[in-house]
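Peer 1: sharing a sequence plus its predicted fold:
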Amino acid sequence: MGLFDRLQAMFQGGRVDLRERFEILRKAVSGTMSKFYMARDRKTDRIVGLKIADRDKWNAFEARFKGLQKPSEGEIAASLRHPLVVETFEYGMSTEGLQYIVMEFVKGPGLHHLLNNRDPCIEGQRARLVRQMAEALEYVHEQKYIHRDICPRNFIYESETGNLKLIDFGLSLPARPEFMTPGNRTGTPLYMAPEVVRRRATDQRLDIFAMGVSAFQICTFEMPWPVVETTGQAALAHDTQVPRDVLEYRPTLNRTLAKAIMRCMAPKPDDRPATVTEFLRTIRTVEHDDE
């Protein structure tokens, strides 16, 4: 941001007129707490992703952490620099009092669309996609954050490269004791670790559980537990019912990869890999999906 832009922002209270600044090119996709647009930044003439928070949902979420000096989603996202994590260019407050984030626009579908449609582009790429998912999460954990919403919906499949990019840090928190106390029941229920749904203390291993469920889905196009509903009730099965073995759906899957995925979904955090790095170390020799 140049000197003129900084001075202008100061006189406007640091707020940006989004209607004036951005040309909306694609209608909004609604997320958990925000809407996402494909837009042209008139200031840079760059095609970007524009995320605008829902005021009421954002305020309700932030109120849970009053007095804890929680960084905003924009602060967290802007601090991350990794080839498998979407890049954030800017964040701030609009003139209408809405939190906004400007990020790179990744051309490609969400991973969940590919899995729901059993897209053939997944064939032969499962081990690579699982590894990329883990590498992105490993980086986030190394930066001392918990993502809290790891699921296929939050990975974009970049059409040009075939690589995944992790998005959406709306529920992310620092991996510090004050943010890991019992009671924060946020996330996507079908991928939610038992300690979350049971309102117990948490740590980064809740992301490892969600990564395991996502990896299971990548490898099989199925979920580990029967999907009767998608509310929090569905997550209650995650420590009361044994998940289907990934090899039942895909008997030819590499045994090392299969075992590592199942371990991630252990109901007790102590029985999961202690870190994503440990998971990656386990699967480092896996080059192909099938044996």
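Peer 2: Noted; the coordinates are in hand. Residues are numbered from 1 along each chain as shown.
Peer 1: need the contact partners of the host helix or strand of E20.
Peer 2: Assigned by DSSP states H and E, E20 falls within helix 18-21. Helix 18-21 has contacts (C-beta atoms under 8 Å, 6 or more residues apart in numbering) with 41-43, 50, 52, 94-96, 98, 100. For glycine as for every other residue, the C-beta is placed from the backbone atoms N, C-alpha and C.
Peer 1: which of those are buried?
Peer 2: Buried members of the contacts of helix 18-21, counted by 16 or more other C-beta atoms under 10 Å: 41, 50, 52, 94, 98, 100.
Peer 1: farthest pair within those residues?
Peer 2: Spanning the widest gap among the buried ones among the contacts of helix 18-21 are D41 and L98, at 16.8 Å by C-beta to C-beta.
Peer 1: isn't V106 right up against G49?
Peer 2: Yes. V106 lies in contact with G49 (C-beta atoms under 8 Å); the separation is 7.4 Å.
Peer 1: between these two, what contacts are shared?
Peer 2: Common neighbours of V106 and G49 (C-beta under 8 Å, 6+ apart) are V86.
Peer 1: thinking again about what came up before, which of the contacts of helix 18-21 fall within strands?
Peer 2: Applying DSSP state E to the contacts of helix 18-21, the entries found in strands are 41, 50, 52, 94, 100.
Peer 1: for the fourth one, give me its contacts.
Peer 2: It refers to S94. S94 makes contacts with 15-18, 52, 100, as judged by C-beta under 8 Å, 6+ apart.
Peer 1: repeat that for the second one.
Peer 2: The contact partners of L50, taken as C-beta under 8 Å, 6+ apart, are 18, 22, 24, 36-39, 100-102.
Peer 1: can you do 7 Å?
Peer 2: Applying C-beta atoms under 7 Å, 6 or more residues apart in numbering to L50 gives the contacts 22, 37, 39, 100, 102.
Peer 1: list just the nearest of the residues you listed to F216.
Peer 2: Nearest to F216 among the contacts of L50: Y37, at 32.0 Å, using C-beta to C-beta.
Peer 1: hang on, that closest one in a strand?
Peer 2: Yes. Looking at Y37 with DSSP: H, G, I helix; E, B strand; the rest coil, it is inside a strand.
Peer 1: who are the contact partners of it?
Peer 2: Y37 is in contact with 24, 26, 28, 50, counting by C-beta under 7 Å, 6+ apart.
Peer 1: beta partners for it?
Peer 2: Judged by DSSP bridges, the bridge partners of Y37 are L50.
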